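Peer 1: Give me the fold of what follows.
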Amino acid sequence: MNSDLSNPLEEGLEDQQRMLCEQNGLEYVRADMNSILGFAVATEGKLPINGLRHQQEGGTSGWYVWCGEHLSQAPDFFSPIHAHHLLHRCKEAVRFLGLPPGSRFLTAGDYVDIWFDESLLLTETEGRNRDGETEKPGQNGETGWPAP
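Peer 2: Next up is the predicted model:
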């Protein structure tokens, strides 16, 4: 699949993403639809839909997306998938993929909440774990992905 949005399912997505950013006074930062994101496959179909974005790095978009009210601590909670797979697995989340790093969202039906979380922009040497404790580089798990 090309990253030029030539797939009919992807047509108009960039415009939707840009408009969402503009409506919220945020910079648009494209997430290539062929980039990798973390998706909690086991939560598919639940509400609300949640997402958070770290910096893009090494072919990843920086996005982690899960459904439902529970963000698990399990190291295998998120599976790496290409962003374009969200079109079939969690289409409602795709419109948020243009939000800049540091963004979080929560949506369920007509309800949408978007906010900035500075902690998502901390480098590994500045990072904190999910309990808010200072974390050393490499301490956050075996995957090498930043902890959501």
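
Peer 1: Next up, phi/psi of the nearest residue to residue 70 once chain neighbours are set aside, please.
Peer 2: Leaving aside its sequence neighbours, residue 70 sits nearest to residue 43 (CB to CB, 6 or more residues apart in numbering; 7.7 Å). The C-beta positions use only the backbone N, C-alpha and C, and glycine is treated the same way. Main-chain dihedrals, residue 43, degrees, to the nearest 10: phi -100, psi 0.

Peer 1: number of nearby residues for residue 43?
Peer 2: Per other CB atoms under 10 Å, the neighbour tally for residue 43 reads 21.

Peer 1: wait, what's in contact with it?
Peer 2: 66-68, 70 (CB atoms under 8 Å, 6 or more residues apart in numbering).

Peer 1: And the pLDDT for it?
Peer 2: For residue 43, the model assigns a pLDDT of 98.

Peer 1: pLDDT below threshold where in this protein?
Peer 2: Regions of the chain meeting the criterion pLDDT under 70 cover residues 1-9, 124-147.

Peer 1: 50 instead, please
Peer 2: Across the chain, the ranges flagged by pLDDT under 50 are 1-5, 131, 134-143.

Peer 1: show me where it has strands.
Peer 2: Residue ranges of the strands in the chain, as given by DSSP state E, are 36-39, 49-53, 60-67, 79-82, 103-108, 111-116.

Peer 1: Roughly how far does the nearest residue to residue 85 once chain neighbours are set aside sit from residue 101?
Peer 2: Once flanking residues are discounted, residue 85 sits nearest to residue 39: 7.5 Å by CB to CB, 6+ apart. Distance, residue 39 to residue 101, by CB to CB, to the nearest Å: 18 Å.

Peer 1: so residue 64 makes contact with residue 36?
Peer 2: No: when contacts are counted by CB atoms under 8 Å, residue 64 is not listed as touching residue 36 (10.9 Å).
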